[in-house]
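> Here is the input, now give the coordinates:
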Amino acid sequence: MKGQADTIGIAMRRVLLGEIEGTCITRAKSEKIPHEYSTIVGIQESVHEILMNLKEIVLRSNLYGTQDASICIKGPGYVTAQDIILPPSVEIVDNTQHIANLIEPINLCIRLQIERNRGYCIKRLKNFQDRSYPIDAVIN
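Sure, this is the predicted structure:
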């Protein structure tokens, strides 16, 4: 009958998205950043652009749960995925992926939270006083 393929396709898509496993960066935190849409003197990208660049980094891990990582680099220079200090159980698929461009001699330190889980959902900020920024639409 007409429309049955759409009904079956929607159900299969939802089931398959619920079974996807993956590892990704789910949270970023820096003491110098007042809010997600601010800019930082000495960095070419805005905070929002940096978060979007972090979201695109592809990670691989065999351990489930939450792990901590960080970026600490002194400018000027390019910040790439290679500059992320990872736990031993996590690896980056493409080390050359761009994160930010430091155009002045400043220190950039960002703490990251990495999670491996199953399913697809959108993270929401629970505590507005918390100065860490969730990266939306993550595997969890």
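
> can you pull out the strands in this structure?
Using DSSP state E, the strands of the chain run over 21-29, 59-61, 65-74, 77-80, 84-85, 90-92, 98-102, 107-118, 120-121, 132-134, 138-139.

> Can I get those strands in a markdown table including distance to A5, mean pLDDT and mean neighbour count?
Heads up, the C-betas are built off the backbone N, CA and C, glycines and all. Listed next are the strands of the chain as a markdown table, based on distance: least, C-beta to C-beta, whole Å; pLDDT from 0 to 100; neighbours: other C-beta atoms under 10 Å:
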| stretch | distance to A5 | mean pLDDT | mean neighbour count |
| --- | --- | --- | --- |
| strand 21-29 | 28 | 90 | 19 |
| strand 59-61 | 35 | 93 | 17 |
| strand 65-74 | 39 | 94 | 15 |
| strand 77-80 | 44 | 95 | 17 |
| strand 84-85 | 43 | 96 | 18 |
| strand 90-92 | 39 | 95 | 16 |
| strand 98-102 | 41 | 96 | 19 |
| strand 107-118 | 27 | 91 | 18 |
| strand 120-121 | 23 | 64 | 14 |
| strand 132-134 | 36 | 60 | 18 |
| strand 138-139 | 28 | 40 | 19 |
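
> out of these, which comes closest to V47?
Of all these, strand 132-134 sits nearest to V47, with 7.6 Å by C-beta to C-beta.

> tilt between the longest helix anywhere in the chain and strand 107-118?
Across the chain, the helix with the greatest residue count (assigned by DSSP state H) is helix 4-19. Here helix 4-19 points in a direction 120 degrees away from that of strand 107-118 (axes from the mean of the first three to the mean of the last three C-alpha atoms, to 10 degrees).
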